[in-house]
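1. Would you be able to build a 3D model of this:
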Amino acid sequence: MKQRLQNRLQEIERERLEVQEMLRVINDVPRVLGKSSTVQAPVDQPKKSVGRTVQNRNVTELVRQYIDGYEREKVIDVSGLVKRLQEQGVKGKYRSLYSAVHVILKKETKPTTDRDQARLAYEKGVGFFKPRQSVGDAM
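-> Prediction:
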């Protein structure tokens with residue numbers, strides 16, 4: 001019994017050493033390949049979407065135009081805006097367009113560097129709306 005346990009212990013030790021060697025080799029591979037003169041085949045990686053699809057790349061512009069023509073202090077109906085965009089030929093599922101419009105509206109609540117005031121305001125429970133005209137906008 002004692003001999004079997006010692007043999008098992010030696011076997012486990014050999015496996016441990018093998019695993020350590022494999023880890024050492026894996027850690028050295030990038031360093032070795034970096035110095036090798038062989039050319040690696042290009043790896044096809046899935047391309048990340050840079051933005052909206054070509055047919056919908058003007059969604060942001062359409063939303064901004066809608067905001068510009070909207071009344072002050074009136075809550076923007078996001079569902080109505082999405083339906084209007086679909087009528088104008090913007091393609092996509094309703095839920096995706098709703099999400100995209102919501103993101104655009106949220107970005108419009110933050111002031112930009114060239115303007116002092118954001119285009120929109122947001123209140124929880126109310127929604128997005130154009131704030132009152134400030135003194136700087138009236139000039």
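
2. what ranges do the strands span in this protein?
-> Applying DSSP state E to the chain gives strands spanning 121-123, 127-129.

3. Identify the residue nearest H102 in space, chain neighbours excluded?
-> Nearest non-adjacent residue to H102, counting by Cβ to Cβ, 6 or more residues apart in numbering: V78, 6.1 Å away. Quick note: C-beta positions are derived from backbone N, CA and C, even for glycine.

4. burial measure for that neighbour, as a count.
-> Using other Cβ atoms under 10 Å, V78 is surrounded by 17 other residues.

5. quick one: the helices in the chain?
-> 2-35, 59-68, 78-87, 94-107, 135-138 (DSSP state H).

6. Mind splitting this structure into its structural domains?
-> Taking automatic domain parsing as the reference, the chain has its domains at 1-32, 57-132.

7. Just give me the lowest mean pLDDT stretch among those domains.
-> Comparing mean pLDDT across the domains of the chain, the weakest is domain 57-132, with a mean of 81.

8. what separates that domain from the chain centre, distance-wise?
-> Centre-to-centre, domain 57-132 and its host chain are 19 Å apart (Cα atoms, centre = their mean, to the nearest Å).

9. thinking again about what came up before, burial-wise, tell me which of the domains of the chain comes out on top.
-> domain 57-132 (a mean of 14; mean count of other Cβ atoms under 10 Å).

10. my read: V82 touches R95, true?
-> No - V82 is beyond contact range of R95, at 9.2 Å (criterion: Cβ atoms under 8 Å).

11. For Y122, find the nearest of the helices of the chain.
-> helix 94-107 (7.2 Å; Cβ to Cβ).

12. Show the contacting residues for Y122.
-> L105, K106, T109, F128, F129 (Cβ atoms under 8 Å, 6 or more residues apart in numbering).

13. what about 7 Å?
-> Residues in contact with Y122 (Cβ atoms under 7 Å, 6 or more residues apart in numbering) are T109, F128.

14. Same question for the one 3 residues further on.
-> G125 sits next to no residue when contact means Cβ under 7 Å, 6+ apart.

15. Quick check: R16 vs N7, distance?
-> Distance, R16 to N7, using Cβ to Cβ, to the nearest Å: 15 Å.

16. whoops, I mixed them up, A121
-> 76 Å.
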